[in-house]
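[1] With the sequence up front, the predicted model follows.
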Amino acid sequence: MTVSEEKFTRQRLLEVQTLTPSLFTLRTTRDPGFRFRAGQFARLGVRKADGNIVWRAYSMVSAPHDEFLDFFSIVVPGGEFTSELSRLKPGDELMVDKQAFGFLTLDRFPDGRDLWLLGTGTGIAPFLSILQDLEVWSRFERIVLVYSARHRAELAYQTLIRELPEREYLEGQGHKLLYLPVVTRESMPGALNARITTLIENGELERAADLPLVPEHSRIMLCGNPEMIDDTRAVLKARGMNLSLTRRPGQVAVENYW
C-alpha cells in the first residue's frame, strides 16, 4: 500500500517497552500540526526492506495535549505490519497519518451521569487517552474503568492508571474514577475473574463498582475484539441500552479491535 507523501509525517520512535512476547508499548515523536480528539486513532506506517510501506490503525494512548504519541500493540502471528513494527528500535522512523479518525469520543453522548469504559486487551488504549483529557472529569460524576486481560502480565499501563487520579490538573476530581481489573485465566488479588459479559449478567460488575448499569444514567464505551463487542452489546441491549447514533442518541459507543 502506498500513500502520497503529503498525507503523512515522518516521526521517530522514542521508546519501546515489551510487556509479554506478544504485547508492547511504543512512544513516538509528534508533529506539531497533528490534532486529535481523545479516543481517536491514526494510521502508522512502517517501511519494509523492499521500500514498500505497510500501514495499520492504532488508537492514541497519549492525551491530545501531550508532545509525544503513545501506542499499545499486539504482535499478530504472521502479521505483516506488527512483524515489521516489533523489529524497530528507538531512533527508527515511522510514518503517522496527518489526519486522525474514529468516533469513540465523548461527543457520542449528549448526556449521562456515569461513564463505563469496558476494554479488553489493547482496547484499553483509547480509554487511557480519554482519561488523560479534562473533558471526561468535568462531564461525569462517576467513571468506571474495566480492563480485562487473560493474564495479569498483560495488564498494561498500571502505573499510569494508578497515578491518574492524583494529577494536579484534575483539581480534586480524581475520586470519580474506579478501576476494576479483570483477569480471566488466572487468579489475581483485587481482580475480577470472569468474562465481562458474565460479570454484567450475574451482577458482579455492578456490585464491585457499587453502581447500577441503567439506561437513565449509564453511558458505556466498549473497545476490544469483535466477539467481545457483539456479546456485550447484546447483553446491554437486553437491559435497554442501545448503540448511540447521531440520529438517535443512546447509551453505548463501540470500537472494534482485531
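    Thanks, I have the structure now. Numbers count the residues shown, from 1 in each chain.
[2] So for stretch 145-159, first residue to last residue, what's the gap.
    14 Å (CA to CA, to the nearest Å).
[3] go on, stretch 218-233?
    14 Å.
[4] now stretch 198-209
    15 Å.
[5] tell me which residues of it are tucked away?
    198, 199, 200, 204, 205, 206, 208, 209 (16 or more other CB atoms under 10 Å). In this view, the C-beta of every residue, glycine as well, is placed from N, C-alpha and C.
[6] Need the pLDDT of the last one.
    With respect to pLDDT, residue 209 scores 98.
[7] which residues does it contact?
    144, 178, 180 (CB atoms under 8 Å, 6 or more residues apart in numbering).
[8] want to throw the buried residues of stretch 198-209 into TSV with distance to residue 14 and secondary structure?
    As requested, these are arranged in TSV below (distance: CB to CB, whole Å; DSSP: H, G, I helix; E, B strand; the rest coil):
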residue	distance to residue 14	secondary structure
198	39	helix
199	37	helix
200	38	helix
204	40	helix
205	37	helix
206	40	helix
208	36	helix
209	36	helix
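[9] where do the strands sit along the chain?
    8-20, 23-29, 41-47, 53-59, 68-74, 93-97, 114-120, 142-149, 177-183, 218-224, 252-256 (DSSP state E).
[10] Please name every helix or strand in contact with the longest one.
    In terms of contacts (3 or more CB pairs under 8 Å, 6 or more residues apart in numbering; DSSP states H and E), strand 8-20 is packed against strand 23-29, strand 93-97.
[11] Give me the sheet partners of it and which way each runs.
    strand 23-29 (antiparallel), strand 93-97 (antiparallel) (DSSP bridges).
[12] Give me the angle between that strand and strand 68-74.
    Relative orientation of strand 8-20 versus strand 68-74 (axes from the mean of the first three to the mean of the last three CA atoms, to 10 degrees): 50 degrees.
[13] Could you report the separation of the closest residue to residue 8 other than its chain neighbours from residue 9?
    Distances taken as CB to CB, 6 or more residues apart in numbering place residue 95 nearest to residue 8, at 4.5 Å, with adjacent residues excluded. Distance, residue 95 to residue 9, by CB to CB, to the nearest Å: 7 Å.
[14] and these two? which has more neighbours close in?
    residue 95 (20 against 17; other CB atoms under 10 Å).
[15] Might one say that the more buried one is in contact with residue 6?
    No: Residue 95 lies out of contact with residue 6 (CB atoms under 8 Å); the separation is 11.9 Å.
[16] buried ones in the lengthiest helix in the chain?
    What stands out as the longest helix in the chain, according to DSSP state H, is helix 226-237. Across helix 226-237, burial judged by 16+ other CB under 10 Å covers 228, 229, 231, 232, 233, 235, 236.
[17] And stretch 107-117, by the same measure?
    108, 109, 112, 114, 115, 116, 117.
[18] swap in stretch 87-106?
    Applying 16+ other CB under 10 Å to stretch 87-106 flags 94, 95, 96, 97, 100, 102, 104, 105, 106 as buried.
[19] Distance from the chain centre to it, please.
    14 Å (CA atoms, centre = their mean, to the nearest Å).
[20] start to end distance for that stretch?
    Terminal-residue distance, stretch 87-106 (CA to CA): 35 Å.
[21] shift numbering so it begins at 567
    Done: numbering now begins at 567, and the last item shifts to stretch 653-672.
[22] residues contacting the nearest residue to residue 575 once chain neighbours are set aside?
    What sits nearest to residue 575 in space, not counting adjacent residues and going by CB to CB, 6+ apart, is residue 597, at 4.2 Å. Residue 597 makes contact with 575, 577, 662, 664, according to CB under 8 Å, 6+ apart.
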